[in-house]
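>>> Here is my input; please provide its structure:
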Amino acid sequence: MNTTNRIKLSTMMFLEFFIWGAWFVTLGTFLGTNLKASGAESAAVFSTQSWGAIIAPFIIGLIADRYFNAERILGVLHLIGAFLMYQMYQSNEVGSFYIYVLSYMVLYMPTLALVNSVAFNQMKDPEKEFANIRVWGTIGWILAGLAISFVFHWDTTENIAQGMLKNTFLLAGIAALVLGLLSFTLPATPPKVSDDKIKIADIIGLDALKLLKDKNFAVFFLSSILICIPLAFYYQNAHPFLTEAGIENPTGKMAIGQISEALFLLLIPVFFTRFGFKKTILVGMLAWAIRYALFAYGNGADLSFMLIIGIALHGICYDFFFVSGQIYTNSKAGEKYKSAAQGLITLATYGVGMLIGFAVAGWITDNYKTATGTINWEMVWIIPAGIALAVFVLFALTFNDKNKAEVSH
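Numbers count the residues shown, from 1 in each chain. From the prediction side, this is the model:
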């Protein structure tokens, strides 16, 4: 790959995840303070991510893979996204905001697959080259969080009270505009020409349902959906919780989670080779329970270190479960079902699992509000810790790692 294309693709990845990190991390706090949203209303807004994940394969499968260059669709989606971000910036009530954020997520989620397509199309050896490009996405997310806390200071207690968090949508919108325009200069990624009839089953990976006949894969599949319930609590409640606990620069400190994610990504091959799939994924599940216990019993004063450790566990929580799961799915699917199986797992986790998770998180938050409107955070975190522990026990008892050697390879 020539240097110009490497720089363009790295910038594309940087902006793709800078956009997401610029507004999504602080969204829970924005909804509660600026729009006075209830737990259920916040859950509905966060669920737009899941609806986007469910609809995304259809946009990619029906349009991008067949009729238009991927980089051009990427450009159009981000330019429309920039406009929707501006509308979100101007929204003053949850109803109109929800319409804009749902429209935005339906357009944004397909871009996650499109940037990968554009990048892979330029690579001779993706296994060696992709990580060096993709890491710029993680850097983009981290720098968005650091900018909000340490450059703009929008997440200080005083600035949150003044409604400054709405500026995050302006920041994301500007980045989306830049990426939208940049996309038209990216290397051409023409559609995959195919005369085959489109099958909806292929698009959402239904062919991979045959894998569920394998008891172990079925246990993994169910566990993947269930572990997304505690995951949703983190996305929806972590920033409001840290803000209320009095942690300074909460957005910047939450970037520790992404730094941890990048580091633990490098350790997954070591864990797989030494301990096998089952132990690796169990460590990931247990980390969710420990993290939420730390959140439940820590505070923003003398026990603030517990909250920081909880954030830092994100790398183990996310990588050891989701990335390990993708590798396991790949090994079980075989050549025929590889794409279908990954599509099915994405639909099950970011689609179904997270939808259930956000609804549960919203319901729990509303039910543990006191008469004065404050939230009993201890219970809000103990419940997902219990769910994660239950999934851990379920998986430990019912999953048989008989294919340890096969997966390790």
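>>> Run through the strands of the stretch 1-150 of the chain in chain order.
In the stretch 1-150 of the chain, no strands are found when defined by DSSP state E, counting those that start in this stretch.
>>> what stretches of it score poorly on pLDDT?
For the stretch 1-150 of the chain, applying pLDDT under 70 flags the ranges 61, 64-65.
>>> hmm, 80 instead?
Applying pLDDT under 80 to the stretch 1-150 of the chain flags the ranges 57-66, 126-128.
>>> T189 is in contact with A70, isn't it?
Yes: look at T189 against A70 with Cβ atoms under 8 Å: they come within range, at 4.0 Å. Yep, even glycine has a C-beta here, placed from its N, CA and C like the rest.
>>> which neighbours do the two share?
Counting by Cβ atoms under 8 Å, 6 or more residues apart in numbering, the contacts common to T189 and A70 are 117-118, 121.
>>> Looking at T189 and A70 now, which is surrounded by more residues?
When T189 and A70 are compared for neighbours, A70 comes out ahead with 28 against 21, by other Cβ atoms under 10 Å.
>>> can you pull the contacts of the more buried one?
Each residue near A70 by Cβ under 8 Å, 6+ apart is listed here: 64, 114, 117-118, 121, 189, 191.
>>> For the chain, which helix extends over the most residues?
Of all the segments of type helix in the chain, defined by DSSP state H, the longest one is helix 250-297.
>>> That one - what's its average pLDDT?
Helix 250-297 comes out with an average pLDDT of 93.
>>> orientation of the helix or strand just after that helix relative to helix 250-297 in degrees?
Along the chain past helix 250-297, the next helix or strand (assigned with DSSP states H and E) turns out to be helix 304-312. Orientation note: helix 304-312 sits at an angle of 110 degrees relative to helix 250-297 (axes from the mean of the first three to the mean of the last three Cα atoms, to 10 degrees).
>>> mind listing what's buried in helix 304-312?
By neighbour count on 16 or more other Cβ atoms under 10 Å, the buried set for helix 304-312 is 304, 306-307, 310-312.
>>> Kindly report the same for stretch 161-176.
Neighbour-count burial for stretch 161-176, with 16+ other Cβ under 10 Å as criterion, is recorded at 164-173, 175-176.
>>> Repeat that for stretch 365-382.
Neighbour-count burial for stretch 365-382 flags 365, 368, 375, 377, 380-382 (criterion: 16+ other Cβ under 10 Å).
>>> Not counting its own residues, what contacts that stretch?
Counting by Cβ under 8 Å, 6+ apart, 38-40, 42, 233, 236-237, 241, 244-245, 292-293, 295-297, 364 sit against stretch 365-382.
>>> likewise stretch 142-151?
Stretch 142-151 is contacted from outside by 17-22, 25-26, 154-155, 168, 171, 249-255, 258-259, using Cβ under 8 Å, 6+ apart.
>>> Could you export the buried residues of stretch 365-382 as a markdown table, including pLDDT and secondary structure?
Output for those, formatted as a markdown table (pLDDT from 0 to 100; DSSP: H, G, I helix; E, B strand; the rest coil):
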| residue | pLDDT | secondary structure |
| --- | --- | --- |
| T365 | 95 | helix |
| Y368 | 95 | coil |
| I375 | 95 | strand |
| W377 | 97 | helix |
| V380 | 97 | helix |
| W381 | 98 | helix |
| I382 | 98 | helix |
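>>> can you redo those residues as a markdown table with distance to S47?
Listed next are the buried residues of stretch 365-382 as a markdown table, based on distance: Cβ to Cβ, whole Å:
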| residue | distance to S47 |
| --- | --- |
| T365 | 14 |
| Y368 | 20 |
| I375 | 20 |
| W377 | 22 |
| V380 | 18 |
| W381 | 20 |
| I382 | 23 |
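>>> Which of the residues you listed sits closest to V270?
Of all the buried residues of stretch 365-382, V270 sits closest to W381, with 30.3 Å by Cβ to Cβ.
>>> and the gap between that closest one and P230?
Summarising the geometry, the distance separating W381 from P230, computed by Cβ to Cβ, to the nearest Å, is 10 Å.
>>> Which neighbours do those two have in common?
Shared between the contact lists of W381 and P230 (criterion: Cβ under 8 Å, 6+ apart) are residues Y292.
>>> From the contacts of A70, pick the one nearest Q326.
Looking across the contacts of A70 and measuring by Cβ to Cβ, the closest to Q326 is S117, at 16.9 Å.
>>> Quick check, the closest one in contact with P190.
No: judged on Cβ under 8 Å, S117 makes no contact with P190 at a distance of 10.5 Å.
>>> Show me which of those two is the more surrounded one.
More crowded of S117 and P190, by other Cβ under 10 Å: S117, with 19 against 11.
>>> for the closest residue in space to A388 that isn't next to it in sequence, what are its contacts?
Closest residue to A388 apart from its sequence neighbours, by Cβ to Cβ, 6 or more residues apart in numbering: W288 at 3.7 Å. By Cβ under 8 Å, 6+ apart, the residues touching W288 are 227, 230-231, 317, 321, 384-385, 388.
>>> Mind checking which of those are in helices?
In helices, judged by DSSP H, the following of the contacts of W288 are found: 227, 230-231, 317, 384-385, 388.
>>> Find the nearest non-adjacent residue to the spatially most central residue of the chain, please.
Centroid-nearest residue in the chain, with Cα atoms, centre = their mean: Y350, separated by 7.8 Å. Among residues not flanking Y350 along the chain, A53 sits closest, at 3.8 Å (Cβ to Cβ, 6+ apart).
>>> Over to T346?
Taking Cβ to Cβ, 6+ apart, and ignoring the residues beside it in sequence, T346 has A53 as its nearest neighbour in space, at 6.5 Å.
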